[in-house]
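Engineer: Please work out how this folds:
(2 chains)
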Amino acid sequence: MSDAIRVRDLVKTYPGRPAVEAVRGIALDVRVGECFGLLGPNGAGKTTTLEILEGLTDPTAGEVEVLGRTWRRDPAGIRERIGISLQETRLADKLTVRETVTLFRSFYADGLDPDAAIALVTLQEKARAHVVKLSGGQRQRLAVACALVGDPELLFLDEPTTGLDPQSRRQLWDVINDYKSRGRTVMLTTHYMDEAERLCDRVAIVDHGTVIASGTPAELILQIGGEHIIDFTLDRPGPPADALHALPTVRTVRADPPRDGVHGYSLSVAEPHRALPALLALLQSSAAQLAGLTTRTATLEDVFVTLTGHGLRDAEGTAS
Amino acid sequence: MTAKYSAITQLTLARLREFYREPAAVFWVYGFPLLLALGLGIAFRDRPVESIPIDVATDGPAGYYKAEEYAVLLRADPRLKLTLLDGAAAKERLRTGKTGLVLTPTAAAPGWEFLIDPNRPDSVLAQSAADSTLLRAANPALAAAATVESNEVGGRYIDFLLPGLIGANLMGGGLFGVGFNIVDMRVRKLLKRFLATPMSRRDFLLSLLISRLLFTVVEIAILLAAARLFFDVSVRGNWFALGGLVVLGGAAFAGIGLLVASRARTIETVSGLMNMVMLPMYVTSGVFFPADRFPDAVQPVLQALPLTALNAGLRAVINDGGSWSALGYPAVILTAWGVGCFALALRVFRWQ
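Structural biologist: As a prediction, this is how the structure comes out:
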């Protein structure tokens, strides 16, 4: 399979005092026909990376190939073949859905009939409605229709479902899955791990401008050593990490900073039925009282926290 | 490819639709200049001089009876409106503009003296009217010369004002229509979104220019029709020359608007910049009064301003019946501004 996107040693530094290193040496390969997700907290460098791939920002250094072309040699060829949806573009309020999509269609030499693009995002009933009358989810679907109307081989979506209600998010996921099922390539950014797990064949986790892990969601979860997570909270500091590590099948131990006198711990374990009795026995012999305990399947969120030591949304990391 | 998907047509259509679907914008572009023209036209309509107030001081050195005598003589001119009162009160009335002249009877020849405000035309007029009436009364042999009245269309204030308003509208429309819209699209990240498509930048800028000219033609037609209807102002010169001037002026100001908006990131910045460009020209470029009222030293600067040149051209065609030959100076100035600003704007333009 050939690559739709190939990135090597990508660096983007914004001049200033101090200079901001938004992207610090990212490498990526996105294959034709897959949905690839860039995951990470706000400010991790996801949007900067995406905008470089979209030709909107020049990289400071590194190589970028999109659909076998480079932005320096064939910008028109790339633009004709990609569709994009930016974060927070405000389309003209007083144009109708059909007028907006037709406007975008007019920029491309080849593409879909505007009504066909509207049908792809199931906005037919709103075709004659002004943009100002649309809900947030409908606007986002309109933005995707504008990205699809040029019949692109590659679709870029920057935080496509941020701020949407659950139903709107699911509708948009359907649109993206439909597009992908026609053999096309999607690259998206998100900070929702469930979205990445639902949509993406492969993901790259980005933090502070570098890729800290990449692979299929299942691979990444296996990489942290267990598919199961045991979360428990105590009323005072519990057993030392070494003791927790020594429990059967425990792979990683994470202690959260104490909050309101509650001490939280997360263990990733391969076999909860062996780890759990041993954990309870250990806690019984300590002075700490158990305040809460849950077990669950590991998610990409756990991968992120394990790798970076901080949460996705409470990240202090403002790399850009 | 079908014409249905021509980018320049679609971009222009989008601008037109966004405009006429926004009633407030329609009012500011079409209604406001019309109201301004009507208001100013009515306020400054030319009226015959109805009455000239003159005060005669009753406590002058020559006394009360002399004052009454002069009052009788002055009433021979029906335009003069006489008031007899003491000198201090009369002086106060002159200061506050209630009278134009204070006449004080004196003992020395010729028997009276005037107190005027030399900066007020009505005061100077009152002095000369009183002077000639009194001289005629003293010398009845001096007959009044025959007088023919003339108030030709083309010489009134509204005739002067209308071309100035058209010029000011072309300036405001060009700057706001282009500048404001560009910055609005930049703020909404729409420019950036367009940039990510194969859209040609030339098509985009041309569509702004075309939609601007379409709005302008309608706007000027409305102004000219209203001026014709209410004030009997008509275009005396060549209509095609007028059309050429309007297109040239509109394009020049669109170029300036593009430059003003080329780097501004917020609506506030661009509004401030546009006012900085426009306000001086409103005052100095002969919209409401002739630009040559300003000192000779600054005339070379004023004459090089685009609005001064445009107004001069519009007046030459509308009021003085000029044709293509009248457009040399405006055409050179406007083309220089338009081409210069457009070229510079393209160099420094911030698409994102």
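
Engineer: So A:Glu65, which state does it fall into?
Structural biologist: Recorded secondary structure, A:Glu65: strand (DSSP: H, G, I helix; E, B strand; the rest coil).

Engineer: give me the beta-bridge partners of the nearest residue to it once chain neighbours are set aside?
Structural biologist: Once flanking residues are discounted, A:Glu65 sits nearest to A:Arg6: 4.2 Å by CB to CB, 6 or more residues apart in numbering or on different chains. C-beta: built from backbone N, CA, C; applies to glycine. Beta-bridge partners for A:Arg6, by DSSP bridges, are A:Asp29, A:Glu65.

Engineer: Pretty sure A:Arg6 sits against A:Glu63.
Structural biologist: Yes - when contacts are counted by CB atoms under 8 Å, A:Arg6 is listed as touching A:Glu63 (7.4 Å).

Engineer: Which one's more surrounded, these two?
Structural biologist: A:Arg6 (17 against 12; other CB atoms under 10 Å in any protein chain shown).

Engineer: confidence score at that one?
Structural biologist: Here the pLDDT value assigned to A:Arg6 is 94.

Engineer: So which bits of the stretch 101-250 of chain B are right by chain A?
Structural biologist: Proximity of the stretch 101-250 of chain B to chain A (CB under 8 Å from any CB of the partner chain) is limited to residues B:188-190, B:192-199.

Engineer: Please state the offset of stretch A:73-89 from the chain centre?
Structural biologist: Here the centre of mass of C-alpha atoms in stretch A:73-89, compared against the chain's by CA atoms, centre = their mean, to the nearest Å, lies 20 Å away.

Engineer: What are the buried residues along it?
Structural biologist: A:77-87, A:89 (16 or more other CB atoms under 10 Å in any protein chain shown).

Engineer: Among these, which are located in strands?
Structural biologist: Using DSSP state E, the subset of those located in strands is A:82-85.

Engineer: contacting residues around the residue nearest to A:Glu65?
Structural biologist: Residues in contact with A:Arg6 (CB atoms under 8 Å, 6 or more residues apart in numbering or on different chains) are A:28-30, A:63-65.

Engineer: Show me the two of the buried residues of stretch A:73-89 that sit farthest apart.
Structural biologist: Farthest-apart pair in the buried residues of stretch A:73-89 is A:Gly77 and A:Gln87; separation 25.4 Å (CB to CB).

Engineer: Residue 37: which element?
Structural biologist: You didn't pick a chain, so chain A it is. Assignment of secondary structure by DSSP states H and E places A:Gly37 within strand A:35-39.

Engineer: Can you look at chain B instead?
Structural biologist: Applying DSSP H and E as the criterion places B:Ala37 in helix B:32-43.

Engineer: Direction included, what does the next helix or strand after that helix pair up with?
Structural biologist: Toward the C-terminus, helix B:32-43 is succeeded by strand B:52-57 as the next helix or strand (DSSP H and E). Under the criterion DSSP bridges, strand B:52-57 sits next to strand B:80-85 (parallel), strand B:102-105 (parallel) in its sheet.

Engineer: Now do the last one: everything it contacts.
Structural biologist: The reference is to strand B:102-105. Outside strand B:102-105, the residues within contact range by CB under 8 Å, 6+ apart are B:54-57, B:60-63, B:66-67, B:69-70, B:74, B:87, B:90-91, B:93-94, B:111-116, B:130.

Engineer: Tell me how far A:Ile205 lies from B:Phe230.
Structural biologist: The gap separating A:Ile205 from B:Phe230 is 72 Å, by CB to CB, to the nearest Å.

Engineer: quick one: low-confidence parts of chain A?
Structural biologist: Applying pLDDT under 70 to chain A flags the ranges A:1, A:225-226, A:310-320.

Engineer: Strands along the stretch 251-352 of chain B, start to end?
Structural biologist: With strands called from DSSP state E, counting those that start in this stretch, the stretch 251-352 of chain B shows none.

Engineer: hang on, the earlier thing: out of the contacts of strand B:102-105, name the ones that lie in helices.
Structural biologist: Counted as lying in helices by DSSP state H, out of the contacts of strand B:102-105, are B:66-67, B:69-70, B:74, B:87, B:90-91, B:93-94, B:130.

Engineer: Separate out the buried members of those residues.
Structural biologist: Neighbour-count burial (16+ other CB under 10 Å) is assigned, among the ones in helices among the contacts of strand B:102-105, to B:66-67, B:69-70, B:74, B:87, B:90-91, B:93-94, B:130.

Engineer: Out of those, which comes closest to B:Gly174?
Structural biologist: Of all these, B:Leu94 has the smallest distance to B:Gly174: 46.7 Å, by CB to CB.

Engineer: Next up, the contacts around the closest one.
Structural biologist: B:Leu94 makes contact with B:55, B:100-102, B:115-117, B:123, according to CB under 8 Å, 6+ apart.

Engineer: what does the stretch 101-250 of chain A put close to chain B?
Structural biologist: By CB under 8 Å from any CB, the residues of the stretch 101-250 of chain A that approach chain B are A:102-109, A:130, A:146, A:150.

Engineer: Give me the buried subset of the residues you listed.
Structural biologist: By 16+ other CB under 10 Å, those give A:102-108, A:130, A:146, A:150 as buried.

Engineer: how close does A:Leu247 sit to chain B?
Structural biologist: As judged by CB to the nearest CB, to the nearest Å, A:Leu247 and chain B stand 51 Å apart.

Engineer: check which helix or strand covers B:Ala143.
Structural biologist: In this structure, B:Ala143 sits in neither a helix nor a strand according to DSSP H and E.

Engineer: let me redo that: A:Glu195
Structural biologist: Counting by DSSP H and E, A:Glu195 is part of helix A:193-199.

Engineer: give me the beta-bridge partners of the spatially closest residue to A:Ala288 that is not a sequence neighbour?
Structural biologist: In space, and not counting its chain neighbours, A:Ala288 is closest to A:Leu234: 4.1 Å by CB to CB, 6+ apart. Beta bridges link A:Leu234 to A:His263, A:Leu290, judged by DSSP bridges.

Engineer: How many residues are close by A:Leu234?
Structural biologist: Residues within reach of A:Leu234, counting by other CB under 10 Å, total 22.

Engineer: what does the one 3 residues further on give?
Structural biologist: Counted with other CB under 10 Å, residues neighbouring A:Pro237 total 12.

Engineer: For it, grab phi and psi.
Structural biologist: Phi and psi for A:Pro237, reported as degrees, to the nearest 10, are phi -60, psi 130.

Engineer: For it, which non-adjacent residue is closest in space?
Structural biologist: Counting by CB to CB, 6+ apart, A:Pro237 lies nearest to A:His263, which is 5.6 Å off, once chain neighbours are set aside.

Engineer: I appreciate the help and will end here.
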